[in-house]
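Chemist: Sequence first, predicted coordinates after that:
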Amino acid sequence: MLDRHTETIAMKLKELLVTMAKKELRAEKEKQTLAKVKGFEPISAFKYICEGGQSINHQHLHRVFQEHFRGYISEDDCKYLIFYYGTKTNRELDLTDFNNLAFCNENMGLRAKASQRPIKMQVSTKTKQAISDMLEKELDYHIQTERVKRELECCVNFSTLLAFRILDVKNYNYVDFEGIRVFLERMGFKAK
């Protein structure tokens, strides 16, 4: 039996894991949808976002959202994508970073097909919309995950060690997929 504070932390851990799983799946599906758009190829998409420059910054992303009527997304929100995918210290995305952001991870055949399309000089309206949709889903994943992480860290008696112990339901001194599945089931969530 867990004490009240530990139970609260366990519930937040469950919320974090479920949020991450659902939002990541949603973002991945949107990436696959983008890859299926015949007009999408990464170099032209990259050039569209950075307006012909050499890298994408948060202001470029914000402009794309504004063009597609997503005014509720701020420049500060866009920094999540730069922070997560940017590999350089300049807080910008190069083409490789953009490919890591834009390409699906679960369907390598679709990824390969999209990456091998011929470079286009113009990006169609449909492709621009699909890029914006993908960016929105990816951003939502990061914003929601960070929100739940902050809530978890604010719980009374929270520590990463306690969180680890809660997830290590079989006392193996490591957390694996099976342990997470058992934890979620104990918390009332049926993992598939």
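Modeler: Nice, I can see it. Bear in mind the structure is a predicted one, so any value in this text is a computation, not a measurement.
Chemist: Going by C-alpha atoms from here, please, whenever you check contacts or count neighbours.
Modeler: Fine.
Chemist: Which residue ranges of the protein form helices?
Modeler: For the chain, the helices defined by DSSP state H occupy 4-36, 42-49, 58-67, 75-85, 95-102, 108-115, 125-153, 160-167, 177-186.
Chemist: and the last one, what other elements does it pack with?
Modeler: Packing partners of helix 177-186 (3 or more CA pairs under 8 Å, 6 or more residues apart in numbering; DSSP states H and E): helix 160-167.
Chemist: Mind checking the pLDDT average for the helix it packs on?
Modeler: Regarding helix 160-167, the rounded mean pLDDT is 95.
Chemist: Residue numbering should commence at 455 henceforth.
Modeler: Right, with 455 as the first residue, what we last looked at is helix 614-621.
Chemist: ok, residues contacting that helix?
Modeler: 463-464, 467, 625, 629, 633-634, 637 (CA atoms under 8 Å, 6 or more residues apart in numbering).
Chemist: which residues does Ala499 contact?
Modeler: So Ala499 contacts 577, 582, 585 (CA under 8 Å, 6+ apart).
Chemist: where's the second one relative to Tyr502, distance?
Modeler: When CA to CA, to the nearest Å is the yardstick, Lys582 and Tyr502 sit 8 Å from each other.
Chemist: can you check the last one too?
Modeler: From Ile585 over to Tyr502 the distance is 10 Å, taken as CA to CA.
Chemist: who has more neighbours, those two?
Modeler: Taking other CA atoms under 10 Å, Ile585 and Tyr502 do not tie; Ile585 has more neighbours (26 against 19).
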